[in-house]
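Visitor: no sequence on this one, just coordinates:
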């Protein structure tokens, strides 16, 4: 397995975990009252947007050649960093 493929698999796993957390947050929000659900909808929407952005970066990584993937890796790292932060912030909001 190439270094690119190993990195891609690691990034995909992190993306899958974030998506699982999103599903968890959505399920939890369903148990809230309508007003409270609206309060948390913004955070869920933001997380969905960040996940979509990370998927785009990951797709770019997959399409990059073996010689160019290192350049795309920085964008993936940035997207994953934003994803981690957004998941963490959303989790904190749901604890309130």
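Guide: Cool, got the structure. Not measured: the values here are computed from a predicted model.
Visitor: what's the first helix or strand after the lengthiest helix in the chain?
Guide: Ranked by residue count, the top helix of the chain under DSSP state H comes out as helix 34-63. Heading C-terminal from helix 34-63, the first helix or strand you meet, by DSSP states H and E, is helix 69-95.
Visitor: next one: that following helix to chain centre, how far?
Guide: 6 Å (C-alpha atoms, centre = their mean, to the nearest Å).
Visitor: now do the residue nearest in space to the middle of the chain against residue 36, distance only.
Guide: Centroid-nearest residue in the chain, with C-alpha atoms, centre = their mean: residue 51, separated by 3.5 Å. Per C-beta to C-beta, to the nearest Å, residue 51 is found 23 Å from residue 36. No exception for glycine: its C-beta is placed from N, CA and C like everyone else's.
Visitor: just residue 26 next, same as before
Guide: 14 Å.
Visitor: picking up where we left off before, is it true that the residue nearest to the centre of the chain touches residue 19?
Guide: Yes: here residue 51 reaches residue 19: they are 6.0 Å apart, a contact under C-beta atoms under 8 Å.
Visitor: distance from the chain centre to stretch 18-29, please.
Guide: 12 Å.
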